[in-house]
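Based on what follows, work out the 3D shape:
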Amino acid sequence: MDQLALLFLLLLGAVVSVPFGDRLGLPAPVLMTLGGIVLALVPSVPNVDIPPELILPAVLPPLLYASAQRTSWRQFAANKRPIFLLAVALVFVTTAAVAAVAHAIVPGLPIAAAVALGALVAPPDPVAATAVAGQLGLPRRMVSILEGEGLFNDVTAIVLYHVAITAAVSGSFSLPHAALELVLSAVVAVVVGLALGWAANKLMGLLGDATLQVGLTLLVPFVSYVLAEELHGSGVLAVLTTALFLAEYALDADDVLTRLSGRTFWNVVDTLVTGAAFGLVGLELHNAVGTASGRWGEMLGWAAAIVGVVILVRLLWLLPATWLTNRLHMRRRDDEDIPVSLRETVVMWWAGMRGVASVALALAIPQQMNDGSPFPDRDEIVFIAFGVIMATLVLQGLSLPWLVGKLGVEADTEAEKALEKKLAVRAAHAARQRLKEIRDVEELPEEVTEQLLRRALDIGLRISPDIGDEERREAQAHRVERIRRIRRIQGEMLSAARHEVLSARSEPGADPEIVDRVLRHLDVRSLR
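Residues are numbered from 1 along each chain as shown. Alright, predicted model coming up:
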């Protein structure tokens, strides 16, 4: 089996793992990791040969962009305190704790190399966290915090990692210089992200066509990442800034086709890239086994110690941080999303799985120092990192559904329904208000006005039937049943029309382009 065949096998596994994960109640990334481990044990499967410097630019931009599209900048701003405590402060604390333990137990490991190890295992994976949170039906406030932590912790960890690697290969370190580099990296990333987001938004308006607009969104995260890295900024933060800018300002309420096609397209990209990335994580078992050959006991002991540090530090940090956030939340009475119980805190602790970014950073450790000597204990660092990833991703990922069910942590469906009802009322009110404005400038027959008023109410009732009284709910149920029947019959009629048009493709003298044009018209009509 060659590398290309292996890639297609991983992409196939990414598609298949989604329905299997749904049936088994397990996150698809965990299944893909297990599948990669199984492939790694097959003798005919080759070692993964991807240049380490290409892993982060190829994998992180689309995954981060897809994740950021599901949230908003205002949500991050509202939850800045818990996100800061997890995505920034906890990364620093975990890095320091791992570095101290690794420096103490691994003979001859320099402190700079130990800090690099701490930085690369510190950030929980944003993709794994989002996938787990989405499948397990966790409360929305927990999902918001996990998404925010997962999206922003890579920024802190990657900058710390680069500072540590630079200090290790050069043999020198300056705290003021490192702090300045951290600040400049963030500033450059934000400027690049905002500028590219503004330019992409303007270009989308010029393109007009939905296909071209969606194609542009595929290029934007890669351009943002590479441009920021070339200017010595944080590529991860640049992608997040661009994605949040476009999510905020590039939405045209009336551009239905672009929104639907874009959402579908990015769901496909997210599924394929996520599956392939976590499959590659499992395939790295090849390299880990080769590294530990003849030293299994010693290296497994080191890996177990660091796994314990990573898991324990997260728990010891979350308990007081959650208590402090709750106290501040009650005092300020704001709308911040926070864990409200010890059970939710325990779930957040156990959801801290490592993944793609940690693998990419471990593989990106240089082979040599500036003086030509080998990088100290590189093989040991890679093995320990792989041990942390496997323990957190596989063990925690497999046991998290059981833990969530055991603790009874679930979404607040009543609050979600209340918000849905509120939005339904606003939508119906906006429709009625627009009808009133039209009536002020146009003459409408009385029966038409009454029919349109009923349809304005129907807009809200179809979203949330609870906004109407019992009589209206019953009338709406009858209308919905009638509409469903009409739509079913219309669907069959349109299906017959599509089959007839498609059959014309094989007829002599048929022009495929004209056939496709007519078919697209029927498809859009069916969508409506």
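
Run a quick neighbour tally on the residue nearest to Leu24 when sequence neighbours are not counted.
Using Cβ to Cβ, 6 or more residues apart in numbering and skipping the chain neighbours, the partner closest in space to Leu24 is Leu31 (7.6 Å). From N, CA and C alone the C-beta is placed, and that goes for glycine too. Other residues lying near Leu31 total 24 when counted by other Cβ atoms under 10 Å.

Val93 against Leu312, yeah?
No: contact criterion Cβ atoms under 8 Å: Val93 and Leu312 do not qualify, at 11.4 Å.

higher neighbour count, the two?
Set Val93 next to Leu312 and count neighbours by other Cβ under 10 Å: Val93 wins out with 17 against 12.

Hmm, Gly262 is touching Leu212, no?
No: contact criterion Cβ under 8 Å: Gly262 and Leu212 do not qualify, at 11.4 Å.

between those two, which one's more packed in?
Between Gly262 and Leu212, counted using other Cβ under 10 Å, the more crowded position is Gly262 (19 against 13).

The more buried one and Val88: what is the separation?
Gly262 sits 31 Å away from Val88, going by Cβ to Cβ, to the nearest Å.

And Ala391, by the same measure?
Ala391 is 24 Å from Val88, by Cβ to Cβ.

And His429, by the same measure?
Taken as Cβ to Cβ, the span from His429 to Val88 is 41 Å.

Val45 now?
Distance from Val45 to Val88, counting by Cβ to Cβ: 39 Å.

Now stretch 354-372: buried residues?
Judged by neighbour count using 16 or more other Cβ atoms under 10 Å, the buried positions of stretch 354-372 are 354-365.

How about stretch 37-55?
For stretch 37-55, by 16+ other Cβ under 10 Å, it's 37, 39-40, 45, 48, 55.

Now do it: everything it contacts.
Residues outside stretch 37-55 that contact it (Cβ atoms under 8 Å, 6 or more residues apart in numbering) are 1-3, 6, 9, 279-280, 282-287, 356, 359-360, 363-365, 394.

related to what we said a few turns ago, need the contact list for the residue nearest to Leu24.
17, 20-21, 24.

Take those residues and write them to CSV, including secondary structure.
Listed next are the contacts of Leu31 as CSV, based on DSSP: H, G, I helix; E, B strand; the rest coil:
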residue, secondary structure
Ser17, helix
Phe20, helix
Gly21, helix
Leu24, helix
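
Pull up the per-residue confidence for Phe8.
With respect to pLDDT, Phe8 scores 85.

Would you mind pointing out the helix or strand it falls in?
Per DSSP states H and E, Phe8 falls inside helix 3-24.

other SSEs contacting that helix?
helix 28-40, helix 256-283 (3 or more Cβ pairs under 8 Å, 6 or more residues apart in numbering; DSSP states H and E).

Most tightly packed of the ones you listed?
Among those, the stretch with the highest mean neighbour count (mean count of other Cβ atoms under 10 Å) is helix 28-40, at a mean of 23.

Select the helix or strand of this structure having the lowest average pLDDT value.
Ranking every helix and strand in the chain by mean pLDDT, DSSP states H and E puts helix 126-136 at the bottom, with a mean of 65.

which ones are touching the residue lying closest to Leu60 once chain neighbours are set aside?
With sequence-adjacent residues excluded and distances taken as Cβ to Cβ, 6+ apart, Leu60 is closest to Val236, at 6.3 Å. Residues near Val236 by Cβ under 8 Å, 6+ apart: 60, 64, 154-155, 158, 189, 225.

Could you check which of His429 and Val88 has the larger neighbour count?
Neighbour totals were compared for His429 and Val88, and Val88 leads with 16 against 13 (other Cβ under 10 Å).

Give me the neighbour count for the nearest residue to that one once chain neighbours are set aside.
Nearest non-adjacent residue to Val88, counting by Cβ to Cβ, 6+ apart: Thr156, 5.1 Å away. Per other Cβ under 10 Å, the neighbour tally for Thr156 reads 25.

how much space between Thr156 and Glu229?
Plainly put, Thr156 is 16 Å away from Glu229 if you go by Cβ to Cβ.

And the strands in the stretch 401-528 of the chain?
Counting by DSSP state E, counting those that start in this stretch, one finds no strands in the stretch 401-528 of the chain.

where in it is pLDDT low?
Where the stretch 401-528 of the chain drops to pLDDT under 70, the residues are 411-416, 457, 460-477, 527-528.

try 80
408-429, 432, 435, 439-484, 487, 504-513, 515-516, 520-521, 523-528 (pLDDT under 80).

Where do the helices of it begin and end?
In the stretch 401-528 of the chain, the helices defined using DSSP state H, counting those that start in this stretch lie at 413-441, 446-463, 470-503, 512-527.

cool, and the stretch 151-300 of the chain?
175-207, 210-230, 235-249, 256-283, 285-291, 296-332.

Now for Asp154, how many residues are close by?
Neighbours of Asp154 under the rule other Cβ under 10 Å: 31.

Excluding chain neighbours, what is closest to it?
Nearest non-adjacent residue to Asp154, counting by Cβ to Cβ, 6+ apart: Val236, 4.7 Å away.

mind checking how far the one you found is from Ala96?
Distance from Val236 to Ala96, counting by Cβ to Cβ: 21 Å.

Okay then, goodbye and thanks.
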